[in-house]
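Visitor: the sequence and its predicted three-dimensional model are supplied below.
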Amino acid sequence: MNRTLILSLLAATHAETRRPLVPITSNGRSVVPTTSTPLDSSVARPAPVVRLPLELHTASKMPIVRTLLLQIFVLLSAVCCFVALGPSYDGLLMPAGALQLVSLITYFWHCTRCYAAQLIRRRIESMGPVDQAGAGIPNIRWTARAYHYETRWHRVTSTDSNGKTHTRWESHQVQIATHVASASVPVQQWDYGERRVGTPGKQLWTSVRAIFRVCAEDRHAYEVLRSEFRHVHDRDDHLDFSETVSLGGRSLRRKDGYGEKAWEDTQYFLLVLGAARNSLAKVGAPSFLTYVLVCMLMLSAPYLAWLASKMRAVGGSAAVEYTRTFKLDLHAARAQLDLTGQALSERARALEWRGRWRGLRLLTDVAMHTQRAGSYIR
């Protein structure tokens, strides 16, 4: 009795609160159901997923040290280029120039991708646009492309210095696509959930870490449908398969862990209160043009130090996670994706014709090699 009570309490502790499943209509809009149907108790439910707590990305994590090191690297490489211009270091100008180019590319790549650059590039005055993007309907799209390579021959005629004409055969490989298929995964139902840490909007400046997630409720069903789609459209020697998942106009990256299949993307926003438009905090808010100017003048490290101190004085940090969980109906999805016996028959016919064409191309290549050898003998 005590053991049963303890297990039930543990299950209740790890259970995640979610909103009811929302069916999707034909026009892509969600409809809130008026009645709820209880789940069948005989169906095995997946184990609860325990997610890690949300991390607050504060101003103390400004990449000041790394930015300063990259600036020193750029300046030292510039000194090396200046020294290599002297006559005593002949032959070192090219390596020094390459070092300077690498240092500049690394520095500017860091300036465009670091935490501070994302804050400045995504400055907002309310959480409305971010919440709207996180609550949108994701799109999962599969694309399969079957192809093979063929050898193409062409005759090349050249004239030497003595005026004699020579003819030779040259070959090159050509990629031939024979089948292309693209489709969106037919999702039966969507579930929405979110987690928040911190209080965005309480401070004048707030660094918001937003996580956009899409995950499958039944990982096995998704993998089965995905493998069947690949198998049906694998109709040639090679197959390129791509899987794209987007939410609110953002492409998500695949991330498997904690017993689930998920796609995620993390972005950082700088929330500046709209009521602070006439205040000094609003005037001192970082702008994109100012950031570009300080990066070009090699003053990004002092600027980041000032921004970090400003964030500690008038700012705060928050984190929010938007999760869209989808459910699949395998039978309905197979019918919508045309994964039927007819599709398998078409695949078998395509592979059969491909085998016959491969044999014909082999005979053609043998004939071309024979003709090429005969031209060399003559």
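Guide: The structure has been received and is ready for your questions.

Visitor: quick one: the strands in the stretch 101-250 of the chain?
Guide: Taking DSSP state E, counting those that start in this stretch to define them, one finds strands in the stretch 101-250 of the chain at 123-124, 139-159, 165-184, 189-197, 205-216, 238-247, 250-257.

Visitor: and the closest residue to Ile64 other than its chain neighbours, what is it in contact with?
Guide: Using C-beta to C-beta, 6 or more residues apart in numbering and skipping the chain neighbours, the partner closest in space to Ile64 is Leu304 (4.9 Å). No exception for glycine: its C-beta is placed from N, CA and C like everyone else's. By C-beta atoms under 8 Å, 6 or more residues apart in numbering, the residues touching Leu304 are Met62, Pro63, Ile64, Thr67, Ala116.

Visitor: now with 10 Å?
Guide: Leu304 makes contact with 59, 62-68, 111, 114-117, 286, 291, 294 under the criterion C-beta atoms under 10 Å, 6 or more residues apart in numbering.

Visitor: pull up the gap between it and Ala116, please.
Guide: For Leu304, the distance to Ala116 equals 5 Å [C-beta to C-beta, to the nearest Å].

Visitor: now do the shared contacts for these two.
Guide: Common neighbours of Leu304 and Ala116 (C-beta under 10 Å, 6+ apart) are Ala59, Met62, Pro63, Ile64, Thr67, Pro286, Tyr291.

Visitor: format the CA atom coordinates belonging to stretch 205-220 as PDB.
Guide: Output in PDB follows, covering the C-alpha atoms of stretch 205-220 (Å, rounded to 0.1, in the frame of the first residue of the first chain):
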ATOM      1  CA  TRP A 205      16.000  46.400 -20.000                       C
ATOM      2  CA  THR A 206      15.400  42.600 -19.900                       C
ATOM      3  CA  SER A 207      17.500  40.000 -21.600                       C
ATOM      4  CA  VAL A 208      15.000  37.300 -22.800                       C
ATOM      5  CA  ARG A 209      16.100  33.800 -23.700                       C
ATOM      6  CA  ALA A 210      13.400  32.300 -25.900                       C
ATOM      7  CA  ILE A 211      13.400  28.600 -26.800                       C
ATOM      8  CA  PHE A 212      11.100  27.400 -29.700                       C
ATOM      9  CA  ARG A 213      10.500  23.600 -29.500                       C
ATOM     10  CA  VAL A 214       8.600  21.100 -31.600                       C
ATOM     11  CA  CYS A 215       8.500  17.500 -30.400                       C
ATOM     12  CA  ALA A 216       6.700  14.300 -31.300                       C
ATOM     13  CA  GLU A 217       4.300  12.700 -28.800                       C
ATOM     14  CA  ASP A 218       5.000   9.200 -30.200                       C
ATOM     15  CA  ARG A 219       8.600   9.000 -31.300                       C
ATOM     16  CA  HIS A 220       8.300   5.500 -32.700                       C
END
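
Visitor: centre of the chain to that stretch, how far?
Guide: 13 Å (C-alpha atoms, centre = their mean, to the nearest Å).

Visitor: ok, now how distant is the residue positioned nearest the centre of the chain from Ala183?
Guide: Taking C-alpha atoms, centre = their mean, the centroid of the chain lies closest to Arg253, which sits 3.9 Å from it. Noted for Arg253: a distance of 21 Å to Ala183, by C-beta to C-beta.

Visitor: with Lys255 instead?
Guide: From Lys255 to Ala183 the distance is 23 Å (C-beta to C-beta).

Visitor: so, low pLDDT: which residues of the stretch 251-378 of the chain?
Guide: Across the stretch 251-378 of the chain, the ranges flagged by pLDDT under 70 are 256-260, 274-284, 359, 361-378.

Visitor: next, the contact list for the closest residue to Leu247 other than its chain neighbours, please.
Guide: Distances taken as C-beta to C-beta, 6+ apart put Pro138 closest to Leu247, at 4.4 Å, once the chain neighbours are dropped. When the contact criterion is C-beta under 10 Å, 6+ apart, the partners of Pro138 are 185, 187, 190, 212-214, 245-248, 250, 252, 263, 324, 326.
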